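> build me a structure from this.
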Amino acid sequence: MEGKMTDLNGDLLTIEQISGARQVLQTSGLCFHTPVLHHVQTLCGLDSDIDLYLKLENMQNTGSFKIRGLVNQMTHISDSAVRGQTHLISMSCGNFGKAFAYMVQQKGLKGTVFMPDTASASRAELIKSYGVGVKMVPMAELEPAVNKCLMDSNTMNLFHDNIDVMAGNGSVGLEILEDVPDPDVVVVCCGGGGLLGGTAAAIKLSGRSNTRVYGVEPEGAPSMYESRKAVKPVVVQGKTKVLGLAPPYTGYNAFRLNVEFVDDVVLVSDDEIVAAVKRLFSRGLVVEPAGAAAFAAVMSGKIPDVKGKKVVVVITGGNVTTQELNKICG
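Coordinates of the predicted model:
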């Protein structure tokens, strides 16, 4: 049995780990330095006093930022896993599973994704198309099912709450600073919290201590928001249609990074997220609901003190079907 759900005694992420992960990504040929759109406040229909930048991770390989963490994590798996002697598993309702399946296929390995039974059938079929197995289970049974698999067979869990994954995610922060060296505010969607924590760590550890970093969650799935209030990771039963931002729990490592490097977490409604998807689509950007939450927070005025400031919004993913967009946009 290999893998564990959290690194309870691990150190916080370092700038050396993030920079090392960035080099891994640059040489892998599997990740790209995604574009930043500059000064797009008027284009996006926002107050002209905001200097708005959009970091387009919806244009990343596999359609979201998730591939970053997995490319880096795959460089740290065991020799037996590299040789295909260990079965790789993961847990996801969509984007992480797609990136995982892509990586497993690229490496010629074997893998299975555990998905909540509330995930769309199209996501499950897409993941299967990469040649990996999919097991659909009720949301409350996801973690127990993964743990049982880890106990019963020669498996390794590639999971979200992992320092190597977060170091890869932190490359987003380094790229932001290359394109916008002096941002005042950076806004990031928060599901499990690994992108938010990794990006914030990269920015703050690069010497931008005055840059404010905000996370954004749905009102119906405020796991990081409630964890910060409780000063410990908590479980929240999600009541949101934005499943990509509704993990069953907040990871320990993600929580630690968020407490250390993130200034605050704000909440947006599902309706505000849908309005953001529509606004971005009307401007020519295909963004899934989970990828639009950070923009929704800026659009709805949830981020404080942005007048006259350079505000970078991370658009985290664009994995949405035409049928789903038609339903969202009417």
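> did I read that right, residue 303 in a helix?
No - counting by DSSP: H, G, I helix; E, B strand; the rest coil, residue 303 is not part of a helix but coil.
> which residues are in contact with it?
185, 187, 214, 266, 297, 311 (CB atoms under 8 Å, 6 or more residues apart in numbering). Every C-beta, even on glycine, is put in place using the N, C-alpha and C of the backbone.
> keep only those of those that are in helices.
Assigned to helices by DSSP state H, the following of the contacts of residue 303 qualify: residue 297.
> the contacts of residue 303: which two are farthest apart?
266 and 311 (13.3 Å; CB to CB).
> and the helices in the protein?
Going by DSSP H, the chain shows helices at 15-28, 66-74, 79-82, 95-107, 121-128, 142-152, 163-169, 171-179, 194-205, 223-230, 252-261, 270-282, 293-299, 322-329.
> stretch 183-200: end-to-end distance?
The straight-line separation of the ends of stretch 183-200 (CA to CA, to the nearest Å) is 12 Å.
> again, but for stretch 218-236
12 Å.
> when you give positions from now on, start the count at 443
Will do, 443 is the new start, and the previous item becomes stretch 660-678.
> buried residues, that stretch. List them.
Within stretch 660-678, the residues that count as buried by 16 or more other CB atoms under 10 Å are 660-670, 675-676, 678.
> now it, how far from the centre of its chain.
16 Å (CA atoms, centre = their mean, to the nearest Å).
> so what touches it?
By CB under 8 Å, 6+ apart, stretch 660-678 touches 632, 635, 638, 657, 659, 680-682, 684, 687-694, 696-697, 700-701, 707-712, 715, 735.
> in ChimeraX, select just the buried ones from these.
The ChimeraX selection below is limited to those of those classed as buried (16+ other CB under 10 Å):
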select :632,635,638,657,659,680,682,684,687,688,689,690,691,692,693,694,696,697,700,707,708,709,710,711,712,715,735
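> please tabulate the buried residues of stretch 660-678 in CSV, including the columns pLDDT and distance to residue 583.
As requested, these are exported to CSV (pLDDT from 0 to 100; distance: CB to CB, whole Å):
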residue, pLDDT, distance to residue 583
660, 96, 22
661, 96, 25
662, 94, 20
663, 93, 18
664, 94, 22
665, 94, 18
666, 96, 23
667, 96, 25
668, 95, 22
669, 95, 22
670, 95, 27
675, 93, 19
676, 91, 19
678, 87, 17
